[in-house]
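Q: Here is a sequence together with a model predicted from it:
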Amino acid sequence: MTLLLWGMVLALLIPIAVVCRPCSVWDRMAAFGSIASKVALITMVVAVLRGDWMLGLVGAISLSAGNAGMLLLANLLREVER
Amino acid sequence: MAFVLSCLFRLMIWALLTADLSAINLAIGLGLALLLPHARGPGEPLGPTLRALLRSLAAVPLAYGEALALMVAGDREREGWIERPAGDPNNRLLIFLEVFAITLTPFTIVLGLSEGSRGPHYTIHQLRPRRRRTEDTQP
Amino acid sequence: MSLLLLGAGLVLWFWGTWPLLEQGSYLSKLHKLSVSDTLGSGLILLGLLLRIPRQWPLLALALLGLVVWNTIFGYVLARCSQPGELKR
């Protein structure tokens, strides 16, 4: 289980590495969306590992709220680029 | 009918959120479901919407199958653009469900909805594993 | 069984996120990202659900929210990254 958690953190490092190096803004948006859902999932897994359900509540809320701001930002960027 | 369905959906979300099936909590949820603003508009036929709902539910196991096919294929992929006929663009729920079902499966992403001479259709970007035989003849 | 689901979800995560580092077309990256973030995360949540069945309502809500939001996010990114009307 701890090994699994290490694997998840490693997978989280991939999009972070993508964001850190120069790339186009759309790549960046996709990487940030990926980071958001991965962090929420890691929160849930940590909650189950520690048996702390309040933490799980945080993860569930951030998953169901989703990245609505990111959707608005994408629409805004398209309008700006036009 | 669509009104009842949307109320039931909101009640289900409420029950999942509160995880409490006592009568008074359900009454509060029902009150909220009725009071929150509903989509206004002409009554839309229910049949196509229900069929799209079933299709988007069936898309989930299909999505896993396609993901497996993509993983097995490795690097041999082929990109393409296709078009697929769409439902009535005025029925927003129907369009939402169809876009959901198409985008959920890893082979396809919807890029837009356009009105053509042959009726409305989606523009779809497609990524497919290439078959071994066609690869042999191609190099 | 739960560990199996969690491991399969992790494999999907790695497979789907790795292409972000490579030079490929943007849309094919999005295809693979939808594999990793929607389907892989769904598998991980299912594994957690098997582990603590007592908390199923919240986990089911999280699963529903995850699948719908990530799918629509992929669609919006793909749609918005295409400049103007579609030209092939």
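A: Perfect, I can see it now. A quick note: this is a predicted structure, and the numbers were derived from the prediction, not measured.
Q: Quick one: residues contacting A:S24.
A: Taking CB atoms under 8 Å, 6 or more residues apart in numbering or on different chains as the contact definition, A:S24 lies against C:Y26. Bear in mind the C-beta positions are built from the backbone N, C-alpha and C, glycine included.
Q: scratch that, B:P120 is what I was asking about
A: B:P85, B:A86, B:G87, B:D88, B:P89, B:L113, B:S114.
Q: which of those are buried?
A: Buried by 16 or more other CB atoms under 10 Å in any protein chain shown: B:A86, B:G87, B:L113, out of those.
Q: Return the per-residue confidence for the second one.
A: Residue-level confidence at B:G87 comes out at 75, pLDDT.
Q: hang on, the earlier thing: just name the closest of the buried ones among the contacts of B:P120 to chain A, please.
A: B:L113 (15.6 Å; CB to the nearest CB).
Q: Is the spatially most central residue of chain B within a helix or a strand, and which one?
A: Nearest to the geometric centre of chain B sits B:F100, at 2.5 Å (CA atoms, centre = their mean). In this structure, B:F100 is located in helix B:92-104 according to DSSP states H and E.
Q: quick one: buried residues of the helix or strand following that helix?
A: Next along the chain after helix B:92-104, taking DSSP H and E as the criterion, comes strand B:108-116. Buried residues in strand B:108-116, counted by 16+ other CB under 10 Å: B:T108, B:I109, B:V110, B:L111, B:L113.
Q: got a list of what the last one touches?
A: Contacts here follow CB under 8 Å, 6+ apart; on that basis B:L113 touches B:A86, B:P89, B:I95, B:P120, B:H121, B:Y122, B:T123.
Q: With the fourth one instead?
A: B:L111 makes contact with B:Y122, B:T123, B:I124, B:H125, C:A78, C:R79, C:Q82, C:L86 under the criterion CB under 8 Å, 6+ apart.
Q: Please indicate which of the residues you listed has the highest neighbour count?
A: The most crowded member of the contacts of B:L111, judged by other CB atoms under 10 Å in any protein chain shown, is C:A78 (24 neighbours).
Q: wait, doesn't that one sit right on B:H125?
A: Yes: using CB atoms under 8 Å, C:A78 makes contact with B:H125 at a distance of 6.9 Å.
Q: Quick check: neighbours shared by the two?
A: Residues touching both C:A78 and B:H125 by CB under 8 Å, 6+ apart: B:I109, B:L111, C:L27.
Q: burial count for the nearest residue to C:G74 once chain neighbours are set aside?
A: Distance criterion CB to CB, 6 or more residues apart in numbering or on different chains; nearest residue to C:G74, sequence neighbours excluded, is C:S34 at 4.7 Å. Neighbourhood size, C:S34 [other CB under 10 Å]: 27.
Q: For C:S34, give me its contacts.
A: Applying CB under 8 Å, 6+ apart, the residues near C:S34 are B:T103, B:L104, B:P106, B:I109, C:G16, C:N70, C:T71, C:G74.
Q: Check the gap between B:C7 and B:R51 for me.
A: Distance, B:C7 to B:R51, using CB to CB, to the nearest Å: 21 Å.
Q: between the contacts of C:S34, which is nearest chain A?
A: C:N70 (6.1 Å).
Q: For C:I44, give me its contacts.
A: Taking CB under 8 Å, 6+ apart, one finds A:L41, A:M44, A:V45, C:L5, C:L6, C:G9, C:L10, C:W13 in contact with C:I44.
Q: scratch that, C:L46 is what I was asking about
A: Here C:L46 is in contact with C:L5, C:G9, C:L63 (CB under 8 Å, 6+ apart).
Q: which of those lies closest to B:A19?
A: Among the contacts of C:L46, C:L63 lies closest to B:A19 (CB to CB), at 14.5 Å.
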